[in-house]
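Student: 3D, please:
(one chain, ligands or ions: 1)
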Amino acid sequence: MIEFLNLKRVNAPHEAGIQQAIQRVLDSGWYILGQETQAFEHEFAAYCGAAHCISVANGLDALQLILRGYGIGPGDEVIVPSNTFIATWLAVSHVGATPVPVEPDPRTCNLDPARIAAAVTPRTRAIMPVHLYGQPADMEEIRHVADRHGLRVIEDAAQAHGARYHGRRAGQLGDAAAFSFYPGKNLGALGDGGAITTDDADLAARLRKIRNYGSSVKYEHEVVGINSRLDELQAAVLRVKLQHLDTENAARRAVAAQYLIGLADTPLALPQVAPGAEPVWHLFVVQARERDALQARLLQNGVGTLVHYPKASHLQGAYAGGRWPALPIAEQLQETVLSLPMAPYLMEEEVRMVVAAVRKSLSV
Ligand SMILES: Cc1ncc(COP(=O)(O)O)c(C=O)c1O
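Tutor: Here you go, the predicted structure:
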């Protein structure tokens with residue numbers, strides 16, 4: 001059986017380093033906002049090529065804190081992709097603003113810049129592109145639209161640690177970016193975690209306060225903040241794993257290349273890489289006409305798969321009753337997308353077995 005993802009296998013190569021890191025934190029006697037967090041923030045900012053990194057408790061908080069930091073709230077609108085994990089929408093809703101969905105280009109599954117202008121109103125404050133499945137969105141075109149309308153660009157980079165767009169890393173492609181370190185991400189912790197990267201020093205200073213009860217000096221609370229911090233243990237673990245992120249992303253790229261060759265002549269629609277984009281293959285998502293039947297046959301043939309995502313945000317109970325535009329592409333994708341096993345540990349032989357199982361399941 002080739003599982004969709006095995007987190008124990010993801011972390012096994014780092015076990016010794018992680019154990020040392022955990023022991024170091026235990027011995028330090030300092031567990032929140034200490035040296036490990038500070039060091040990780042420096043290292044992750046440098047990795048992304050951003051001036052500042054503010055670590056937080058999770059990716060959803062990272063997104064909503066950026067919105068709060070820019071003063072986006074009730075009465076404001078934020079453009080989001082119609083096909084994304086619901087956190088992108090929830091971040092907008094949590095600050096009291098309204099998510100305005102725009103459809104993707106079905107070939108890349110990323111926000112289609114040509115559709116954005118039609119969704120802009122006098123209330124629009126920001127565009128929040130998602131680098132979905134690890135492929136950077138078309139940031140140049142998105143920036144053009146944003147500049148024409150005076151909008152912020154906030155990257156949802158939760159799935160794209162290390163991805164590049166025309167040579168620049170995710171996390172440095174907009175005004176600010178949100179990352180998640182949920183265990184299954186390309187850079188995953190042993191629990192929840194998140195971070196914001198930005199070159200905007202004022203925003204960074206505001207966010208450092210907001211994440212820590214609105215305080216930069218103990219027991220002085222200048223703004224109404226929250227408690228959203230990455231703890232020392234997770235920061236120490238992430239420092240270990242960050243050192244191997246590029247190697248692991250290269251391993252994912254090799255898996256993707258093997259899939260792209262092995263499945264090229266099948267009826268599946270394979271993921272397309274846009275010009276200038278260097279994806280990090282958080283997920284390898286194919287599109288199949290009879291997706292559910294294929295998924296069932298793959299399971300019988302010993303391959304685990306998942307669907308990202310089976311129900312678009314506007315169809316969720318959380319967003320029932322909203323006045324959403326017609327979103328046929330998102331509704332089509334939820335019926336056709338299928339994520340094949342993707343992880344840095346996958347061996348050539350295992351990928352060959354997945355390819356063989358897919359071909360057998362499709363009778364090609
Ligand atoms: C696209 C996207 N945005 C935001 C998030 C939220 O991150 P977290 O689970 O750390 O809150 C995730 C992952 O869960 C995601 O995939």
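
Student: now L268: how far from V351?
Tutor: Distance, L268 to V351, by C-beta to C-beta, to the nearest Å: 15 Å. Where you see a C-beta, it was placed from the backbone N, CA and C, and this is true even at glycine.

Student: nope, E77 is what I meant
Tutor: From E77 over to V351 (counting by C-beta to C-beta), the distance is 43 Å.

Student: and the closest residue to R208 other than its chain neighbours, helix, strand or coil?
Tutor: In space, R208 comes closest to I54 once its chain neighbours are excluded; the distance is 5.6 Å by C-beta to C-beta, 6 or more residues apart in numbering. Here I54 takes the strand state, with states given by DSSP: H, G, I helix; E, B strand; the rest coil.

Student: now for I54, how many residues are close by?
Tutor: Using other C-beta atoms under 10 Å, I54 is surrounded by 30 other residues.

Student: that one contacts Q38, doesn't it?
Tutor: No. Counting by C-beta atoms under 8 Å, Q38 is not a contact partner of I54; they are 11.1 Å apart.

Student: helices of this protein, residue ranges please.
Tutor: Using DSSP state H, the helices of the chain run over 7-11, 15-28, 35-48, 59-69, 87-94, 139-149, 201-210, 232-242, 245-262, 291-300, 328-336, 348-362.

Student: how about the ones you listed, which one is nearest V285?
Tutor: helix 328-336 (9.1 Å; C-beta to C-beta).

Student: contact partners of that closest one?
Tutor: Residues from elsewhere that reach helix 328-336, judged by C-beta atoms under 8 Å, 6 or more residues apart in numbering: 82-83, 101, 103-104, 106, 109, 269, 287-289, 291, 307, 309-312, 314-315.

Student: and stretch 296-304, by the same measure?
Tutor: 1-4, 305, 340-341, 353-354, 357-358, 360-361.

Student: let's go with 7 Å and repeat that
Tutor: M1, I2, E3, F4, T305, P341, V354, A357, V358, K360, S361 (C-beta atoms under 7 Å, 6 or more residues apart in numbering).

Student: quick check: the residue lying closest to V355 once chain neighbours are set aside vs the ligand, distance?
Tutor: Once flanking residues are discounted, V355 sits nearest to G262: 3.5 Å by C-beta to C-beta, 6+ apart. According to C-beta to the nearest ligand atom, to the nearest Å, G262 stands 26 Å off from the ligand.

Student: what's the local residue count around G262?
Tutor: 16.

Student: list the contacts for L63?
Tutor: Applying C-beta under 7 Å, 6+ apart, the residues near L63 are A87, T88, A91, D156, A178.

Student: near the ligand, which of those show up?
Tutor: A87, T88, D156 (C-beta under 6 Å from any ligand atom).

Student: how about the last one, nearest residue that isn't a chain neighbour?
Tutor: Taking C-beta to C-beta, 6+ apart as the measure, D156 lies nearest to V130, with 4.1 Å between them; neighbours along the chain are not counted.

Student: wait, the residue nearest to R208 touches I210, no?
Tutor: No. Contact criterion C-beta atoms under 7 Å: I54 and I210 do not qualify, at 9.1 Å.

Student: so what's V130 up against?
Tutor: P81, T84, T88, A137, D156.

Student: is it possible to get CSV of those residues that adds pLDDT?
Tutor: Output for these, formatted as CSV (pLDDT from 0 to 100):
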residue, pLDDT
P81, 98
T84, 98
T88, 98
A137, 98
D156, 99
